[in-house]
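J.: task: produce atomic coordinates for the following.
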Amino acid sequence: MRPMVEFCVSNLSLGSETVKKVLEEENEVDVLEYGCLGNCGQCFVQPYALVNGKLIAGKDAQELLAAIKDHIKKLQEEDEAWKKLGF
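T.: Numbers count the residues shown, from 1 in each chain. Alright, predicted model coming up:
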């Protein structure tokens, strides 16, 4: 199953728009944009996204993209480990 990365439209101006575009171009995850994700305190402070429901943030677009990719890699490693166990 492909990871889902969700962005808040109000947060795009803080740098998450660049990250959203990169992820859409790479086409390895499902990217969604919402009017509000309900994380207004976080949204006001720094770029963030939800990856499979988990809040991932960074001080800037580069850090956010790296954090998202790291989290996705961990999810894929966990998935592979479960598959090896027969699940």
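
J.: check which element follows the helix or strand of the chain with the lowest mean pLDDT along the chain.
T.: When each helix and strand of the chain is scored by mean pLDDT, DSSP states H and E, helix 40-45 comes last, with a mean of 90. Sequence order places strand 48-51 as the next helix or strand after helix 40-45, per DSSP states H and E.

J.: tell me the buried residues in the helix or strand just after that next one?
T.: The first helix or strand that comes after strand 48-51 along the chain, using DSSP H and E, is strand 54-57. Of the residues in strand 54-57, those with enough neighbours to count as buried (16 or more other C-beta atoms under 10 Å) are 56-57. Where you see a C-beta, it was placed from the backbone N, CA and C, and this is true even at glycine.

J.: same check on stretch 36-54?
T.: If you call a residue buried by 16+ other C-beta under 10 Å, then stretch 36-54 has these buried ones: 37, 39, 43, 46-52.

J.: before we move on, the earlier item: elements contacting the least confident helix or strand of the chain?
T.: Here helix 40-45 is seen to pack against no other helix or strand when contacts are counted using 3 or more C-beta pairs under 8 Å, 6 or more residues apart in numbering; DSSP states H and E.

J.: contacts for that helix, please.
T.: With C-beta atoms under 8 Å, 6 or more residues apart in numbering as the test, helix 40-45 has contacts from 8, 10-11, 14, 37, 48, 55, 57.
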